[in-house]
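Visitor: mind looking at a prediction? Sequence and model below.
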Amino acid sequence: MTRKRMLLLSVLLILGLVIGGCAAPASPSGATSEEPAATEAAAEAAPAGPFEPMVYAAENCDYGGLFKSMEAVDEQTVKFTLCYPDVAFPAKVAFSAFAINDADYLEATGGGGDLIENPNGTGPYTLAEWRRGDQMIFQRNENFWGEKAIPATVVFRWGAESAQRLVELQAGTVDGIDGVGADDFTTIEDDANLQLALRSGTNVFYLGMNNKFPPFDNERVRQAFAMGIDRQRLIDNFYPPGSSLATQFMPPSIFGYSQGQTWYDYNPDEAKKILEEEGVLPGFKTTITYRDVVRGYLPNPGIVAQDIQAQLADLGVEAEIVVMESGSFLTAANDGEVDGFHMLGWGADYPDATNFLDYHFGPGASAQFGAGFPDLWDALKEGSTKATPEERQPFYDTANELIKQHVPMIPVAHGGNAAAFKADVEGAYASDIGAEQFALMNPGGREAMVWMQNAEPIGLYCADETDGETLRACEQIMQSLLAYEPGTVAVIPSLATEWSANEDLTEWTFTLRDGVTFHNGATLDANDVVLSYAVQWDASHPLHVGNSGQFSYFSSLFNGLLNAPATE
């Protein structure tokens, strides 16, 4: 259908017959995107022909990933056939990185460009204006298929300092803030004009190492560094109430956590001895790289970096602190280009071990920690393919022990964190997975809800982004087949009204909601779903472009890309 429309467009352009149609979504500068607008005009210039179901399939499953095929059974039905069972598949499908795009718009944007700056979603808000470096403005989608948004306008602003955000909230210039400072919980609780919204700490802060860079290619050296960092000291000095010591990568509230598992005890003398035996000391110099962005898992990045630097100095290691711009840092880390130590963390996208462990340590994971570990891959694959929690847990216990053995990173803390709002904001809440739905909040009867977060979104094609502030923005505009119930992590219908699987969990069928339209007026159908997934899945697809071209979530959560480029 899409190719027919494009062919029709070419013919009409030649004949000079293209007439006005629905405008494409506005670009950040206020101009409209000419190519999507022309495509829409062509679509309206002639009635659509018979629906031609799209099918995308791998030749076989030898490439190693999860998907075997994805197909439009009819206009309202999509079927995914998997190479092996995946009990967490609905939870993954609900994630905002797998939001559905209009197939025509995907093609018209070339898989990038306006797809990043000017999204065309189905959500309760449309992007009205993005003033880079200043603010992002969303307007209510009056054609939204569900309950209309309460605030007519939502404004995203950002500021790196928690103190600055709190001052703005106290002054009334914003209605809500993210990333409450570690010392500000009591201040907010004692202020009758404000309300504190706690999160449950479904996150982890870690100190990462890449094993392609010596001496981090030595497992015993990585184990020594795991013994040489006083993690409890960091929590006691720099973390807010509700934070806890991480004894493994998994937070206790997420399925897959191993009860009773411990990490290496703090033992700087033994750490120094091992480093000397392995020839690292004396004289080792390295770096600590991070982005200066406050996150729930890391409320004081600069101070924490300095403390880790001091702890390494006590071991005899000289570490230079390197601060990078957020987007550049994430790209460099994912590409495996960060030598030395790097400070990063993770917050739950959905409540399953696959989100934490498969993403970071599975066969489709990025190069962040260097070469992967096949024994860990085997445990993760077995854990993801079993049908019940009781069958799955032993494999995650094995995986968590292997992570301790291999030490790709040092888990430090599960950070207690919170958002805060004006007291008159009704329905205010802080999502444990960073997916607040501002359409559900009433800002005291005001027309606009103003939200201030830690950092500016990077791009709004969230299939190719991993940053939490970015994903939160996408949540207002874009929608996936399924969703998470606001305030919980339960999977609920969204663009699909129902879904089912065969007995061995290798075929998943979704029925689409009738009458859903994209912001540019195009009607949702099954081909939109297939192409939205296919362009992420197939690394050789001409629309596999995005912002960085990494599509890390798809690769990591679905165990690799089709036609992935060869790795070094």
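Guide: Great, that's in hand. Numbering: from 1, shown residues only.

Visitor: got a pLDDT number for residue 336?
Guide: With respect to pLDDT, residue 336 scores 96.

Visitor: verify the stated contact: it with residue 210.
Guide: Yes: Residue 336 lies in contact with residue 210 (CB atoms under 8 Å); the separation is 5.7 Å. C-beta: built from backbone N, CA, C; applies to glycine.

Visitor: low-confidence stretches in the stretch 451-568 of the chain?
Guide: Across the stretch 451-568 of the chain, the ranges flagged by pLDDT under 70 are 567-568.

Visitor: and the strands in it?
Guide: Secondary structure of the stretch 451-568 of the chain (DSSP state E, counting those that start in this stretch): strands at 482-484, 491-493, 496-501, 507-512.

Visitor: packed most tightly, which of those strands would that be?
Guide: Ranked by mean neighbour count, those are led by strand 482-484 with a mean of 23 (mean count of other CB atoms under 10 Å).

Visitor: mind listing what that strand pairs with, with the direction of each?
Guide: Applying DSSP bridges to the sheet, strand 482-484 is found paired with strand 491-493 (antiparallel).

Visitor: who's in contact with the partner strand?
Guide: With CB atoms under 8 Å, 6 or more residues apart in numbering as the test, strand 491-493 has contacts from 90-91, 94, 350, 482-485, 513.

Visitor: make CSV from those residues and add distance to residue 156 to it.
Guide: Shown next, in CSV, are those (distance: CB to CB, whole Å):
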residue, distance to residue 156
90, 29
91, 26
94, 22
350, 23
482, 25
483, 20
484, 20
485, 23
513, 27
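
Visitor: wait, which of those is closest to residue 75?
Guide: Using CB to CB, residue 513 comes nearest to residue 75 of these, at 11.9 Å.

Visitor: excluding sequence neighbours, find me the nearest residue to that closest one.
Guide: Nearest residue to residue 513, sequence neighbours excluded (CB to CB, 6 or more residues apart in numbering): residue 497, at 5.1 Å.

Visitor: again with residue 83
Guide: That would be residue 61: by CB to CB, 6+ apart, it lies 3.7 Å from residue 83.

Visitor: residue 422 now?
Guide: Distances taken as CB to CB, 6+ apart put residue 175 closest to residue 422, at 5.3 Å, once the chain neighbours are dropped.

Visitor: could you check the pLDDT of the one you found?
Guide: Residue 175 is assigned 98 on the pLDDT scale.

Visitor: count of residues packed around it?
Guide: For residue 175, the neighbour count with other CB atoms under 10 Å is 25.

Visitor: can you list the helices and strands that the one helix or strand residue 130 maps to packs against?
Guide: Taking DSSP states H and E as the criterion, residue 130 maps to strand 125-131. Counting contacts by 3 or more CB pairs under 8 Å, 6 or more residues apart in numbering; DSSP states H and E, strand 125-131 is packed against strand 135-140, helix 468-477.

Visitor: of those, which stretch is the most buried?
Guide: Most buried of those by mean neighbour count (mean count of other CB under 10 Å) is helix 468-477; its value is a mean of 25.

Visitor: follow-up on the earlier one: what helix or strand is the residue nearest to residue 83 on?
Guide: Using DSSP H and E, no element contains residue 61; it sits outside every helix and strand.

Visitor: next: residue 92.
Guide: helix 89-93.

Visitor: any buried residues in that helix, and which?
Guide: Using 16 or more other CB atoms under 10 Å as the test for burial, helix 89-93 gives 89-93.

Visitor: mean confidence (pLDDT) on the next helix or strand along the chain from it, please.
Guide: Using DSSP H and E, the helix or strand that follows helix 89-93 in sequence is helix 103-109. Helix 103-109 carries an average pLDDT of 97.

Visitor: returning to that earlier point: do you know how far the residue nearest to residue 83 is from residue 191?
Guide: For residue 61, the distance to residue 191 (CB to CB, to the nearest Å) stands at 57 Å.

Visitor: which of the two has more neighbours?
Guide: Set side by side, residue 61 and residue 191 show more neighbours around residue 191, with 16 against 13, by other CB under 10 Å.

Visitor: tell me which element the closest residue to that one other than its chain neighbours is part of?
Guide: Residue nearest to residue 191 in three dimensions, not counting chain neighbours: residue 170, with 7.3 Å by CB to CB, 6+ apart. Element membership of residue 170, judged by DSSP H and E, is helix 162-171.

Visitor: helix or strand right after that helix?
Guide: Next element after helix 162-171 (DSSP H and E): strand 176-177.

Visitor: averaged pLDDT, stretch 208-222. What do you get?
Guide: Averaging pLDDT along stretch 208-222 yields 98.

Visitor: name the residues of it that are buried.
Guide: 208-211, 215-216, 218, 221-222.

Visitor: now, those residues that are in strands?
Guide: Those of the buried residues of stretch 208-222 mapping onto strands are 208-209, per DSSP state E.
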